[in-house]
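*Asks:* Sequence plus the predicted model coming up.
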Amino acid sequence: MIGRDYLRHMPSGHDDLGQRRGWLVRLHLDPLLLILMLILIVGGLFVLYSGSDGSIQTVEKQVVRFGLAFVVMFVFAQLDPSVYRRWSPWLFGVGTLALIAVLVAGVGAKGAQRWLQLPGIPRFQPSEFMKLAVPMMLAWYLSRQPLPPGFKAIATALIILGVPTALIVKQPDLGTALLIASAGIFVLFFAGISWKLVGSFFGLAGLAAPLMWFFVMRDYQKQRILTLLDPSSDPLGAGWNIIQSKTAIGSGGLFGKGWMQGTQSHLDFLPESHTDFIVAVLAEEFGFVGVMLLLSVYLMIIGRCLYIATHAQDSYSRLLAGSLTLTFFIYVFVNIGMVSGILPIVGVPLPLISYGGTSAVTLLAGFGILMSIHTHRRMLVS
Amino acid sequence: MRWGTFKNTVREKYLFRRRALLSLVIIFLLSAVLGVRLYYLQIVEHKTYTTLSDKNRVQVEPIPPTRGLIYDRNGVLLAENRPVFSVTIVPELVKNMDKTLARLSKIIKLSPDDEERFRRHLKEYRRPYEPVTLRYNLTEEEIAKLAVHRYDLPGVDVGAELVRYYPYGSTTVSALGYVGRINEKELKTADPVNYAGTHYIGKLGVEKFYENILHGTVGYQNVETNARGRIMRVLERHDPIPGKNIELTIDLRLETLAHKIMAGQRGAVVAIDPNNGDILAMVSSPSYDPNQFVTGIDYDTYKKLRSSPDLPLFNRALRGQYPPGSTVKPFMAIAGLDTGTITPAFRMFDPGFYQLSVGGRKYHDWKRWGHGWVNLHSAIEESCDTYFYHLADKMGVDDMDKYLSMFGFGQNTALDVDEAQQGLLPSRAWKRAVKREPWYPGDSLNMGIGQGYMLVTPLQLATATAVLAARGTWHQPHLLKQVMDGTPVADVLPKQTMSNIHLRSRSEWVSVVGGMEAVMNGPHGTARRVGRGSPFQLAGKSGTAQVVGLPQDNHYDEKEKALRLRDHALFIMFAPAEKPKIAVAVIVENAGSGSGAAAPVAKQIVDAWIQGFPADKDIKPVQDVDEGDR
C-alpha cells in the first residue's frame, strides 16, 4: 500500500523491543512517562493547595479532573496509531466545520466566541479539539508524501494549517491560534523542510509582526505587549500582575520562604495565584531550587517523548509525536516566560499543574496518543 | 504521490532523528534562557525583591480625581464636593475585629447600621491594605477623641474624603439625580483602573448621564509603608486629572419657583426654551433630599420614602405617564389641517354628543348641552369634544399616529435624559400586539380628545409644546448647556434624531396658535380668567385627564379614595405667542380642572421668565379647583 512504511525496513532491532514487557506496557501505558507525570501532578497539588490559600475543595476538584483526564489518556492509549492515521482527515474536517459553526452560532463571553453549544452533548470548545486534530491532519498528509516535502506539498500543508488558524484568530483567540499554528509548523519542521524555508519563515514572521500589530491585534492585546516592555506604565491595571509576580519570584531567593509561607500569594498581592500564575507561588515558596527541579522534570518528560518519537515505526507516528512534544514544551516556556516577565501575558496555563479543566484533558489525550505510538510497535523476534 | 517518486523510509527516519536532536538542543537553549531569567530574579535581584515584598511594603495607591462641579445656567453652584471626616479601618492590621469595633463604639457613636454596612464592605473585593470606612461625618470632638486613642487601635485611622453635596437638595434632584457609593455591580461595568480609588458614582439623572465627563482620570502614588501600614513617605506621585465642570440649562430660580407653587401637591412642571431646546426647569413634586443618599441612606428613612403614598422618589416629570386629555387637541388640529380632513372654515353643529352612526352610541361632550355651531378656532378655544370626535373619526388612527409621533409622542426625544419614559402612542399594530384586538372607530374617538390608551410624560408634553411654539422646528430637549473647559457640547451630547415638521402651509400653524391664544383671551376661552390682562400674548391649552382606577393594593380611606379618583389637571402654554421664549407643561394630580388648577401654575412660570421673578409673598400656590371648564 502506497504511503505506508514497511516493517521490514526497520533497521533498529537492537533497542528495547526485545525486552520483557511489564503489565503497564501490556495496558499500553509507558511506565517512565507515567511516573514523571505523576511526580509533577502530585507535587503540583501541594503548590495548588498553597496557591489557593489552603482550599482543600480546589485540590479535590483538581484531583477529580485529573482522574477524568487519566481515563481519557488510558482510552487514547488503547487505540492503534493506524486508527488515528485513518481517522485524521475526518477528525480535521469535523473540527473545521465546528470552528465555522462557532463563528456562526457560537457562545462566549467578553467579545469572544469560543464555545459551541449543540443539543444533546455538553458544550465544548472546538479550538481545544483542534490542538490535536491539526497536527494529526498535517502528519497524515505529509506522511503520504516523499520526505523531505517538495514545494507543492509544503504549500498544501500551509493551506491546511492556515484555514483553522484563521478561523480561530477570528473568534478571536490569538493565544490558541498561535499554539495551533506552531503545532502545525512543528510537523513541517520534523518532516524536514529545508533550512532555507525555515529561515524565510522566521523572516516572514518578523515582517508579519508589525502587520499584526496594526491590522489583527486588538487594543487589549497591544496593551499586554506595551505592559511587558514597561510594567510601571500601568501599575494599577495589567502591570500590577507582572510587578507582583516578579516580586513573588524574586523574593523567593535560593531556597524559598517555605511551603504555605509565601507572603505575596497569601496576602493576595499575587493575582491568579492558582491558575496561570501558579509558578510564581512555587518560586516564592520553594525558591530557585524548586523551579529548577520543576524545569528538570519537564525536560525529562520532553526527553522521553522525543525518544518515543524517534523510535516510532512510521512517518505519521513520528511527525505527530514530535509535534505534540514540542507543543508541550511551548506551553511550559510561554507560561514561565510570561510569569517571569519576559513574554507578554497570554492565557496559557502551566501544564499538569495549573488549576483548570479543558486544557488538562487535551494535554493528557496527547500523552495517550504518545503512549499508544510507543506501545503498539510491531515486534521483531530476534 | 506522482508516479516515479518513492518514499525512502530509511532516509526519512534519519532525517527525523537529526531534526529531533536539533529540537532537543533548541529546547535546552530556551530552558537555559528561563533558567538565567529566574537566576537573575531570584539570586541577583533577590535583595531588591525581598525589600519590595517584605520590609517596607511599597504600594501603589490610587488617588481618586475630584468630581466635576455642576452649575445652573446663571453660574449658581448646584453640586459641589465637601470634605467629610470619617473613621477607617485597615482590616489586615486588625487582629480581633470584634474587639476593635467594641472599643471604638465606646469612643464614638456607632449605629448598628454603620456596623452592618462596614461588615458588608469587608466582604467585597478590595486591594490589600485598602482602608474600609466605618462611619462618615465625624464631629470635631470625635476626631479629637480618636486622636487620643490612636495608639491602642492599630489599623484605625481618621480619613478626609471629598463627598458630593447638593446645596439645593430636593429642589434640583429631579434634573441632577445624585451620586452614591459605587456597588459591586457598577464596579464590574466601570473601568476598574480608573475607578480604583473612587467610592462614588452617578446613580441617576445628570450625575449618571455625564459620569464620564464628571469623573476625571485617576492618579496614583507609590508609597512606602511600615509594617503597620502607615505611609512613611511618598516616592512618586502622578496627580489625578479632575473631572470637568459642567453648566446645565436649568435655571435655579425657575426650579425654586415651580417647587414653591407646587408645594403640597403631587405633579410636575417642565419648562423648555423653544428656540434651542434648553430645559429651563424640570420639577417633580413632592421631592426628596438627595444628600441622604450620597454616603448611604439608613434603612428606616429609606423605607419611609419608599412607602409614602405620595411617591416622593418617583420622578413624575420624566417617568409619570398620564393621559394628555384635551392638551392633545392642538396637535390633532395640526394633523387634521395637514391631511385635509378639516379646513379652518369648516363648521359643524355640536348637540352635546357625537354618534358614529345614526342611532348608535352617544359620545358625550364635556358640556352637556353642546357648544352649538363650532369651527376650528372656537373648538380649540372652548375645548369642544364633539368637534374633535368628528375630526378623529374622519382622519382615522393611522394619520393621528403619524402626526403625533412627529411631535415626539411615544418616544424619548430628550438627548441626555436617559431615565425618561416613552409614554404610549397607540396604533393599530400596537393594539393588535398588546390587546389582541382590532382597532375600533370608538378607540379613535377617545384618542381624539386625549383619553383612552394614549399616555404622555410631562417632559414629552413640554417638548411637543415647544415644537408647536417653534412652528415645527425641532430642538430636542437637553440639560447640558456647556462643558466649562471649552469642550464643544456637540462632542458630548448625542446627535439630534428628530426632523423638522414641514406642513403644507404655514397658515396651518397660524390657525392652531390662534385657537390657543383664544383659550387665554377669547370671550369663551377655557383659561380666560388666568390669561386676562397679560401684557403679552399667551397661547395655551387646558386638559383634564380621567383617573381610571386606583392601584389594587391601595390603603386609602373613603375620603382619600374619592380625592385620588379626582381628575388630573393639565395645562400647556407658550409665550409670547408670536416669538415664543418659553414653553411649559404642568400636571397637577387629582386637582380637578386643568384651566382652574394647572393654568395658574403655567402662567406664573411664564410671567417669571418673561417679566421677572416675583417676591416670595406674591407666589400663589396651587389651589384645587373643581368647578370651571376643562
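*Replies:* Yep, that arrived. Numbering: from 1, shown residues only, chains lettered A, B, ... in the order given.
*Asks:* Quick one: neighbours of the one residue in the stretch 151-300 of chain A that gets nearest to chain B, just the number.
*Replies:* Proximity of the stretch 151-300 of chain A to chain B (CB to the nearest CB) peaks at residue A:250, 2.7 Å away. Backbone N, C-alpha and C define where each C-beta goes, glycine included. With neighbours defined by other CB atoms under 10 Å in any protein chain shown, the count for residue A:250 comes to 29.
*Asks:* Roughly how far does it sit from residue B:46?
*Replies:* 6 Å (CB to CB, to the nearest Å).
*Asks:* Next, the buried residues of the strand or helix carrying residue A:164.
*Replies:* Element membership for residue A:164, per DSSP states H and E: helix A:151-169. Neighbour-count burial for helix A:151-169, counted by 16 or more other CB atoms under 10 Å in any protein chain shown, picks out A:153, A:154, A:156, A:157, A:160, A:161, A:164, A:165, A:167, A:168, A:169.
*Asks:* At which residues are the helices of the stretch 51-200 of chain B located?
*Replies:* Along the stretch 51-200 of chain B, counting by DSSP state H, counting those that start in this stretch, helices occupy B:97-107, B:112-123, B:140-149, B:173-176, B:184-189.
*Asks:* wait, which of those is closest to residue A:241?
*Replies:* Proximity to residue A:241 (CB to CB) singles out helix B:184-189 among the helices of the stretch 51-200 of chain B, at 18.5 Å.
*Asks:* Say whether chain A is contacted by the closest one.
*Replies:* No. Between helix B:184-189 and chain A, judged by CB under 8 Å from any CB of the partner chain, nothing touches; the nearest distance is 11.7 Å.
*Asks:* May I see the buried residues of that helix?
*Replies:* Residues of helix B:184-189 classed as buried: residue B:187 (neighbour count, 16+ other CB under 10 Å).
*Asks:* Which SSE is immediately downstream of that helix?
*Replies:* strand B:200-202.
*Asks:* Give me the distance between that following strand and the centre of its chain.
*Replies:* A distance of 14 Å separates the C-alpha centroid of strand B:200-202 from that of its chain, computed with CA atoms, centre = their mean, to the nearest Å.
*Asks:* The residue in the stretch 451-600 of chain B that chain A sits nearest to is in what secondary structure piece?
*Replies:* Residue of the stretch 451-600 of chain B nearest chain A, by CB to the nearest CB: residue B:491 (21.1 Å). Assigned by DSSP H and E, residue B:491 belongs to helix B:489-492.
*Asks:* which residues sit against that helix?
*Replies:* Here helix B:489-492 makes contact (CB atoms under 8 Å, 6 or more residues apart in numbering or on different chains) with B:210, B:213, B:480, B:481, B:482, B:483.
*Asks:* ok, how many other residues are close to residue B:492?
*Replies:* 18.
*Asks:* Look up how far residue B:69 lies from it.
*Replies:* 16 Å.
*Asks:* before we move on, what about residue B:102?
*Replies:* Applying CB to CB, the value for residue B:102 to residue B:69 is 41 Å.
*Asks:* Compare these two and say which one has the larger neighbour count.
*Replies:* residue B:69 (19 against 11).
*Asks:* which ones are touching the closest residue in space to residue B:287 that isn't next to it in sequence?
*Replies:* Once flanking residues are discounted, residue B:287 sits nearest to residue B:170: 3.9 Å by CB to CB, 6 or more residues apart in numbering or on different chains. By CB under 8 Å, 6+ apart, residue B:170 lies in contact with B:259, B:287, B:288, B:289, B:290.
*Asks:* Near chain A, which residues of the stretch 51-200 of chain B are found?
*Replies:* B:52, B:53, B:54, B:60, B:62, B:92, B:128, B:192, B:193, B:196.
*Asks:* got a markdown table for the residues you listed, with neighbour count, pLDDT and distance to residue A:50 too?
*Replies:* Converted to a markdown table, those look like this (neighbours: other CB atoms under 10 Å in any protein chain shown; pLDDT from 0 to 100; distance: CB to CB, whole Å):
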| residue | neighbour count | pLDDT | distance to residue A:50 |
| --- | --- | --- | --- |
| B:52 | 21 | 74 | 20 |
| B:53 | 23 | 73 | 16 |
| B:54 | 14 | 62 | 18 |
| B:60 | 17 | 75 | 25 |
| B:62 | 20 | 83 | 29 |
| B:92 | 14 | 75 | 19 |
| B:128 | 13 | 62 | 17 |
| B:192 | 12 | 76 | 27 |
| B:193 | 18 | 79 | 29 |
| B:196 | 21 | 80 | 28 |
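*Asks:* Among these, which are located in strands?
*Replies:* Residues of those located in strands (DSSP state E): B:60, B:62.
*Asks:* Which one of the residues of the stretch 51-200 of chain B next to chain A is nearest to residue A:350?
*Replies:* For these, the nearest to residue A:350 is residue B:53 (21.4 Å; CB to CB).
*Asks:* what's the distance between the closest one and residue A:254?
*Replies:* Distance, residue B:53 to residue A:254, by CB to CB: 15 Å.
*Asks:* Direction included, what does the helix or strand containing residue B:574 pair up with?
*Replies:* Residue B:574 belongs to strand B:568-575 when assigned by DSSP H and E. Sheet pairing of strand B:568-575 (DSSP bridges) gives strand B:539-545 (antiparallel), strand B:582-588 (antiparallel).
*Asks:* which of these is buried the deepest?
*Replies:* Among those, strand B:582-588 has the highest mean neighbour count (mean count of other CB atoms under 10 Å in any protein chain shown), at a mean of 32.
*Asks:* following that one, which helix or strand shows up next?
*Replies:* Later in the chain than strand B:582-588, the nearest helix or strand by DSSP H and E is helix B:599-611.
*Asks:* list the helices and strands that following helix packs on?
*Replies:* The elements that helix B:599-611 packs onto, with contact taken as 3 or more CB pairs under 8 Å, 6 or more residues apart in numbering or on different chains; DSSP states H and E, are helix B:252-261, strand B:267-272, helix B:528-531, strand B:539-545, strand B:568-575, strand B:582-588.
*Asks:* buried stuff in that helix?
*Replies:* B:599, B:600, B:601, B:602, B:603, B:604, B:605, B:606, B:607, B:608, B:609, B:610.
*Asks:* Dump the residues you listed into CSV; add pLDDT as well.
*Replies:* Listed next are these as CSV, based on pLDDT from 0 to 100:
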residue, pLDDT
B:599, 90
B:600, 91
B:601, 92
B:602, 92
B:603, 92
B:604, 93
B:605, 93
B:606, 93
B:607, 92
B:608, 92
B:609, 93
B:610, 92
